[in-house]
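Enquirer: Sharing a model prediction with you, sequence too.
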Amino acid sequence: MSNRLLEQFNSTIQSEWLCETHIEEYAPLNHREVFELAYHTCNTVSSRNISMKLSQSENKGGSMAILYSSKGKTFVSIEALEENLKIAMYSADQACSDKINGDIKPKLTARKVSYAAKEKDVKTQILKTVLVQRKLDECANLVMLKDIARKVYFAIGDARESAAVVPMFMGAEGASLVQLALNKWMAAAQRLPQEEKFPDSHVGGILKNLLQIKKWVLNLVTTMIE
């Protein structure tokens, strides 16, 4: 499916829009940990993940995510370089400077310190819950792109299964309702012709549920970190 937002980002946004950047050191964490914390910190309920690539190594560069916020009309790229992590926000006005310097930068710095002090098991569960975030974002993007039903089905399943192995997720208030909603949409997607586009008749309902779930997961991760 054509990813027009990504095409727009690559062709014009990077060269024509205002941009504010922030460079974050990895120490005392590894590359993957800082990348995942940055992903959570830059993410919002209205953000949409339009591109995602993960390095196979926890301590090497190569991971990259591009988020688009329909609410603020901003693009954010999060890139794990070899020596440090680079966050770049693109906007048609000056909002990117305020957001990067007044919100993202101080939050990420504080969350690194808080995360570093956690027990190993808690750290693992935090990262696995951010993974659920990313899976939900992937699913929402596939729905918005009207990709085939099979891909949407497996994306929902990945989010559900990723959550099921995280005790802090499953033990949180509201987790059973999240799983029920994911089960509902897995069943709905499974009944559709698997190689045909996800139908317009289902888009509004699933996006509404996914945004509700995402808001809950964002709040959960923030609570786990802080």
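Expert: Structure received. Numbers count the residues shown, from 1 in each chain.

Enquirer: Tell me the buried residues in the helix or strand of the chain with the lowest mean pLDDT?
Expert: Lowest by mean pLDDT, DSSP states H and E among the helices and strands of the chain is helix 95-99, with a mean of 80. Across helix 95-99, burial judged by 16 or more other CB atoms under 10 Å covers Cys96, Lys99. From N, CA and C alone the C-beta is placed, and that goes for glycine too.

Enquirer: Skip ahead from it and say which helix or strand is next.
Expert: The element immediately downstream of helix 95-99 (helix or strand, assigned by DSSP states H and E) is helix 105-116.

Enquirer: doesn't His22 fall inside a strand?
Expert: Yes: counting by DSSP: H, G, I helix; E, B strand; the rest coil, one finds His22 located in a strand.

Enquirer: Make sure it is actually in contact with Ile100.
Expert: Yes: with contact defined as CB atoms under 8 Å, His22 counts as touching Ile100 (5.2 Å).

Enquirer: and for these two, which residues touch both?
Expert: Ile87 (CB atoms under 8 Å, 6 or more residues apart in numbering).

Enquirer: can you list the residues that contact the least confident helix or strand of the chain?
Expert: Leu18, Cys19, Glu20, Gly72, Thr74, Met89, Tyr90, Ser91.

Enquirer: Which helix or strand contains the residue most central in space within the chain?
Expert: Centrality entry for the chain: nearest residue to the mean C-alpha point is Arg134, 3.8 Å, by CA atoms, centre = their mean. Assigned by DSSP H and E, Arg134 belongs to helix 120-144.

Enquirer: any weak-confidence spans in the chain?
Expert: Residue ranges of the chain with pLDDT under 70: 1-2.

Enquirer: list the contacts for Trp216?
Expert: Going by CB under 8 Å, 6+ apart, the list of residues near Trp216 reads Gly174, Val178.

Enquirer: Over to Ala88?
Expert: Cys19, Glu20, Thr21, His22, Val76, Ser77, Glu79.

Enquirer: Phi first, then psi, for it.
Expert: Taking degrees, to the nearest 10, you get phi -130, psi 130 for the backbone angles of Ala88.

Enquirer: burial measure for Lys60, as a count.
Expert: Neighbour count of Lys60, defined by other CB atoms under 10 Å: 14.

Enquirer: excluding its backbone neighbours, what's nearest it?
Expert: Leaving out its chain neighbours, the residue that sits closest to Lys60 by CB to CB, 6 or more residues apart in numbering is His31, at 6.0 Å.

Enquirer: hang on, isn't that neighbour packed against Asn59?
Expert: Yes: between His31 and Asn59 there is a contact under CB under 8 Å: 5.2 Å.

Enquirer: ok, those two, which is more surrounded?
Expert: His31 (22 against 12).

Enquirer: State the distance from that one to Val45.
Expert: 27 Å (CB to CB, to the nearest Å).

Enquirer: now do Gly72
Expert: From Gly72 to Val45 the distance is 12 Å (CB to CB).

Enquirer: Show me where the chain has its helices.
Expert: Along the chain, counting by DSSP state H, helices occupy 4-8, 14-16, 31-42, 95-99, 105-116, 120-144, 149-164, 167-170, 175-190, 200-225.

Enquirer: Of all these, which one is nearest Lys53?
Expert: Among those, helix 31-42 comes nearest to Lys53, with 10.7 Å by CB to CB.

Enquirer: List the contacts of that closest one.
Expert: 24, 26, 29, 55, 57-61, 63, 65, 67, 76, 78, 80, 85, 87, 104, 107-108, 111-112, 115, 123, 126-127, 130-131, 133-134, 218, 221-222, 225.
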